[in-house]
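Chemist: coordinates only, sequence not included:
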């Protein structure tokens with residue numbers, strides 16, 4: 001299985017100079033997690049959901065993007081793509097041939113390949129991750145901050161009695177964000193009203209106003225932004241079975257529940273792609 005057989009050739013890109021607001025609209029409309037950045041037709045970087053959420057007041061694409069992204073050849077095996085993504089903790093690789101980007105391969109593409117492989121091993125020993133959960137009435141702005149600090153891509157949401165009721169992910173945060181413009185005023189005057197040596201005219205000369213354009217999460221509880229009717233899997237679920245459920249539901253993670261339907265862990269797609277690695281590599285802690 002080669003990268004060229006599983007990559008997406010019709011890639012949505014943005015160009016420098018460009019607009020941060022256009023990137024936000026693209027991610028909202030398509031649901032993809034990132035876009036390559038081109039300059040004069042050449043790949044120069046990638047902007048992801050994380051970049052938009054963590055640099056909320058940055059509007060220049062050149063400062064938002066991760067420059068010089070890791071790339072892969074179209075004739076590389078899928079195993080190599082999985083190794084690179086796991087090693088660098090990234091979700092996508094531009095596919096470059098003769099210096100030109102001809103496609104992109106993502107974690108979702110690898111999961112789709114795993115779904116066809118009929119891997120019957122259980123997920124419980126090597127692929128599930130510990131997790132924590134949040135209450136359904138937690139403000140979305142606080143959830144965004146918790147996701148940023150924790151490094152998680154998604155967090156389960158519970159009701160008051162501990163029942164799993166939904167999942168919130170970075171994709172949902174982007175869907176429930178907006179651009180807010182405001183005017184800030186800064187006073188660089190060296191004097192104050194208490195200083196006898198200053199004049200009013202001097203203080204006024206050092207007061208400046210400037211515009212701020214920032215991505216803000218909506219002021220709503222997380223239950224109004226999360227994905228409901230969550231698809232869960234048991235600890236003994238098979239690898240390819242889980243991959244197929246992720247592919248069909250178009251999700252990046254699945255809650256793992258015990259026999260009493262209680263949340264016990266999470267299965268993330270970036271962990272599941274380790275099934276493509278040689279056994280000794282998949283057991284390593286990258």
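Modeler: Perfect, I can see it now. Quick caveat, the model's predicted, so the values are computed rather than measured.

Chemist: use CA for all of it now, contacts and neighbours both
Modeler: Fine.

Chemist: Helices of the protein, residue ranges please.
Modeler: For the chain, applying DSSP state H gives helices covering 3-6, 20-30, 49-54, 61-64, 78-88, 107-115, 140-150, 170-175, 200-205, 239-249, 269-272, 279-282.

Chemist: now those helices in JSON lines, with distance to residue 70 and mean neighbour count?
Modeler: As requested, those are arranged in JSON lines below (distance: least, CA to CA, whole Å; neighbours: other CA atoms under 10 Å):
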{"stretch": "helix 3-6", "distance to residue 70": "14", "mean neighbour count": "18"}
{"stretch": "helix 20-30", "distance to residue 70": "20", "mean neighbour count": "16"}
{"stretch": "helix 49-54", "distance to residue 70": "16", "mean neighbour count": "19"}
{"stretch": "helix 61-64", "distance to residue 70": "17", "mean neighbour count": "18"}
{"stretch": "helix 78-88", "distance to residue 70": "8", "mean neighbour count": "19"}
{"stretch": "helix 107-115", "distance to residue 70": "14", "mean neighbour count": "22"}
{"stretch": "helix 140-150", "distance to residue 70": "23", "mean neighbour count": "16"}
{"stretch": "helix 170-175", "distance to residue 70": "22", "mean neighbour count": "21"}
{"stretch": "helix 200-205", "distance to residue 70": "48", "mean neighbour count": "12"}
{"stretch": "helix 239-249", "distance to residue 70": "25", "mean neighbour count": "20"}
{"stretch": "helix 269-272", "distance to residue 70": "17", "mean neighbour count": "22"}
{"stretch": "helix 279-282", "distance to residue 70": "20", "mean neighbour count": "12"}
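
Chemist: right, and those - which one's nearest residue 183?
Modeler: helix 200-205 (17.2 Å; CA to CA).

Chemist: Show the pLDDT at residue 33.
Modeler: The confidence metric pLDDT takes the value 85 at residue 33.

Chemist: just residue 117 next, same as before
Modeler: Looking at residue 117, its pLDDT is 92.

Chemist: so it sits right up against residue 240, yeah?
Modeler: Yes - using CA atoms under 8 Å, residue 117 is in contact with residue 240, at 6.5 Å.

Chemist: Near the closest residue to residue 23 other than its chain neighbours, how many other residues are there?
Modeler: In space, not counting the residues next to it along the chain, residue 23 is nearest to residue 14; the distance is 7.3 Å by CA to CA, 6 or more residues apart in numbering. Residue neighbour count, defined by other CA atoms under 10 Å, stands at 22 for residue 14.

Chemist: From residue 248, how far off is residue 14?
Modeler: As for residue 14, its distance to residue 248 is 28 Å (criterion: CA to CA, to the nearest Å).

Chemist: what's the answer for residue 58, then?
Modeler: If you go by CA to CA, the gap between residue 58 and residue 248 works out to 35 Å.

Chemist: which residues of the stretch 101-250 of the chain score low on pLDDT?
Modeler: Under the criterion of pLDDT under 70, the regions of the stretch 101-250 of the chain flagged as low confidence span 184, 186-208, 210-212.

Chemist: what are the ranges of the strands in it?
Modeler: Counting by DSSP state E, counting those that start in this stretch, the stretch 101-250 of the chain forms strands over residues 128-129, 134-135, 154-158, 164-169, 177-187, 207-217, 233-234, given from the N-terminal end onward.

Chemist: per the record, what domains does this structure have?
Modeler: 3-115, 134-175+220-276 (the TED database).

Chemist: Perfect, I'm done here.
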